[in-house]
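Participant: okay, sequence plus prediction incoming.
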Amino acid sequence: MDKKIAEAVGLLRHQIISPVLMDSGQSQMKYFRSIADKSFDVPGKGPRVIKATTMKGWLNKYKKHGFKGIVPNIRGDQGAYRKLSSELQNQILEFRRSNEEISVVRFYKKCVEENILGPRPVCMATLRRFLSAHDLARPRSVTSRRRFEMSIFGELWTGDFMHGPQVTTSKGLKKAILFAVIDDHSRMIVGFEFGLHENTIHVEEVLKNALLTHGLPDRIYLDNGASFSSHYLARACANLGIGIVHSKPYDSPSRGKIERFFRTVREGFLIEIRETITLEELNELFQRWVRDDYHKSFHQGIRGRPVDRYTASTMSYPRKRIDINLLNEHFMVGLERRVKKDATVSLNGKLYEVPARFIGQAVELRHVQGDDSEIYIYEDDKRVTRITQLDAVANGRSYSPSRVEHISLTKGDRK
């Protein structure tokens with residue numbers, strides 16, 4: 001409600017109470033009851049019937065605070081949706097963009113069925129206003145998609161994030177976020193883990209475990225989010241010989257198989273989770289559910305069990321394996337530093353000693369993401385040496401000033 005409408009509402013309220021401003025309380029209520037069945041055209045809301053007790057309340061406020069007492073407050077969050085958190089708004093928008101062809105009525109029903117709106121869903125009117133504000137209220141024609149399926153395990157993996165339940169941490173309740181990777185042919189979940197952040201570290205942990213367990217896929221299909229479109233991930237996949245493909249923004253249907261898995265997670269796993277659970281407990285339960293339930297259950301899309309399809313495919317077409325040390329090397333973070341005159345470089349606020357031959361040069365440093373305990377210098381994409389943190393005290397112990405010959409300043413020594 002803007003300022004002009006609020007003032008108009010205040011004037012209407014003043015008009016309603018004015019005839020009995022100076023009357024006794026009994027006379028006031030008698031008058032208010034006599035007009036309680038009348039319809040008033042309320043600015044910004046349309047025809048409304050007002051209770052006698054409501055009108056009496058306006059009169060009391062007017063006597064106590066004057067005209068400002070009967071003017072509605074202008075909300076500080078004008079234009080916002082108080083019952084829709086920013087996280088919930090993003091979920092609704094993404095879900096709507098993958099269901100643009102249906103009406104708001106059908107979309108609302110689908111949101112409730114799939115628990116997109118949470119345990120206490122907003123009303124349909126609020127959802128409609130929210131979608132209208134983003135030009136998503138009207139159904140749109142959608143380009144038909146041909147159903148596809150890879151012929152063997154490892155031809156295509158698809159990964160994505162899903163927001164999960166609240167978990168207890170040392171810093172209170174936090175939202176758990178699942179990153180999962182599904183194989184297109186077998187529907188096996190080759191990598192998965194709940195974490196607290198939607199970032200490249202989370203992606204790396206899951207992908208590395210998947211690659212070590214199942215070998216190297218031909219391609220990985222991801223969306224365009226910041227966690228998936230980093231130079232760091234692109235370089236790692238390129239070095240491993242894995243093609244990385246990004247979907248168009250907001251194109252959830254193109255990742256239909258992983259989205260369908262997430263629906264199964266919500267309906268078959270999360271529904272059984274108790275309210276108080278730690279991240280470690282959640283991951284332990286989820287690992288057991290994926291291994292013993294999902295992988296061994298009949299899947300309508302493949303007319304069989306994921307574990308059976310996986311076994312049959314890998315027996316005939318085994319995937320290329322990779323050593324853990326080589327894998328870690330490919331996933332190292334690379335950055336450039338110039339070596340100072342004292343043969344040191346600075347990284348994360350610490351000084352590291354570098355061989356003297358690099359003084360004045362720009363060198364490439366690499367280390368495992370999130371762990372700078374081991375840092376290496378690379379030249380022409382080859383590891384040269386490991387560098388260690390500067391220990392000035394230890395250097396001082398071994399320091400020995402150059403000896404200078406004694407020079408006599410007596411007259412006899414002069415020529």
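Facilitator: Arrived safely. Residues are numbered from 1 along each chain as shown.
Participant: make it CA atoms for all contacts and neighbour counts henceforth
Facilitator: Noted.
Participant: now do the same end-to-end measure for stretch 288-297.
Facilitator: End-to-end distance for stretch 288-297, by Cα to Cα, to the nearest Å: 13 Å.
Participant: to clarify, my last question referred to stretch 320-327.
Facilitator: Using Cα to Cα, first and last residues of stretch 320-327 are 13 Å apart.
Participant: got it, and stretch 345-355?
Facilitator: OK, stretch 345-355 end separation, Cα to Cα: 11 Å.
Participant: now tell me what touches that stretch from outside.
Facilitator: Arg337, Arg338, Val339, Ala343, Thr344, Ile387, Thr388, Gln389, Leu390 (Cα atoms under 8 Å, 6 or more residues apart in numbering).
Participant: again, 6 Å this time
Facilitator: For stretch 345-355, contacts defined as Cα atoms under 6 Å, 6 or more residues apart in numbering pick out Val339, Ala343, Thr344, Thr388, Gln389, Leu390.
Participant: need the contact list for the first one.
Facilitator: Residues in contact with Val339, defined by Cα under 6 Å, 6+ apart, are Val345, Ile359, Gly360, Gln361.
Participant: any idea how far it is from Lys382?
Facilitator: 18 Å.
Participant: same deal with the third one?
Facilitator: From Thr344 across to Lys382, the span is 20 Å (Cα to Cα).
Participant: show me which of these two is the more surrounded one.
Facilitator: Neighbour count, other Cα atoms under 10 Å: between Thr344 and Lys382, Thr344 has more, with 24 against 9.
Participant: buried subset of the contacts of Val339, written for ChimeraX?
Facilitator: In ChimeraX syntax, the buried subset of the contacts of Val339 is picked out as below (16 or more other Cα atoms under 10 Å):
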select :345,359
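Participant: among the contacts of Val339, which are in helices?
Facilitator: Assignment to helices by DSSP state H places none of those there.
Participant: a markdown table for the contacts of Val339, including pLDDT and distance to Gln89?
Facilitator: Below are the contacts of Val339 laid out as a markdown table (pLDDT from 0 to 100; distance: Cα to Cα, whole Å):
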| residue | pLDDT | distance to Gln89 |
| --- | --- | --- |
| Val345 | 88 | 45 |
| Ile359 | 91 | 53 |
| Gly360 | 89 | 52 |
| Gln361 | 89 | 50 |
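Participant: distance of the residue nearest to Thr213 when sequence neighbours are not counted relative to Lys208?
Facilitator: Excluding its sequence neighbours, the residue lying closest to Thr213 (Cα to Cα, 6 or more residues apart in numbering) is Val190, at 7.9 Å. Val190 sits at a distance of 11 Å from Lys208 (criterion: Cα to Cα).
Participant: pull up the overlap in contacts between those two.
Facilitator: If you check Val190 and Lys208 against Cα under 6 Å, 6+ apart, no residue is contacted by both.
Participant: these two - which one has more neighbours?
Facilitator: Taking other Cα under 10 Å, Val190 and Lys208 do not tie; Val190 has more neighbours (22 against 18).
Participant: secondary structure element for the more buried one?
Facilitator: strand 189-195 (DSSP states H and E).
Participant: show residues contacting that strand.
Facilitator: In contact with strand 189-195 (Cα under 6 Å, 6+ apart) are residues Ala176, Ile177, Leu178, Phe179, Ala180, Val181, Ile182, Val206, Ala210.
Participant: quick one: contacts for Phe153?
Facilitator: His185, Ser313.
Participant: would you agree it falls within a helix?
Facilitator: No. Per DSSP: H, G, I helix; E, B strand; the rest coil, Phe153 lies outside any helix segment and is coil.
Participant: where does it land on pLDDT?
Facilitator: We have a pLDDT of 93 for Phe153.
Participant: next: Tyr250.
Facilitator: If you check Tyr250, the pLDDT there is 50.
Participant: next: His197.
Facilitator: For His197, pLDDT reads 90.
Participant: do you know how far it is from Gly370?
Facilitator: 13 Å.
Participant: now do the helix or strand hosting Lys174: everything it contacts.
Facilitator: Taking DSSP H and E as the criterion, Lys174 maps to strand 172-183. Residues outside strand 172-183 that contact it (Cα under 6 Å, 6+ apart): 157-167, 188-196.
Participant: report the buried residues of it.
Facilitator: For strand 172-183, the neighbour count (16+ other Cα under 10 Å) marks Lys174, Lys175, Ala176, Ile177, Leu178, Phe179, Ala180, Val181, Ile182, Asp183 as buried.
Participant: wait, which of the residues you listed is closest to Leu84?
Facilitator: Nearest to Leu84, judged by Cα to Cα, of these is Lys175 at 16.1 Å.
Participant: hey, what's the closest one bridged with?
Facilitator: Beta-bridge pairing of Lys175 under DSSP bridges involves Gln166.
Participant: how far away is the residue nearest to Thr213 from Asp323?
Facilitator: As judged by Cα to Cα, Val190 and Asp323 stand 18 Å apart.
Participant: how about Pro355?
Facilitator: Distance from Pro355 to Asp323, by Cα to Cα: 29 Å.
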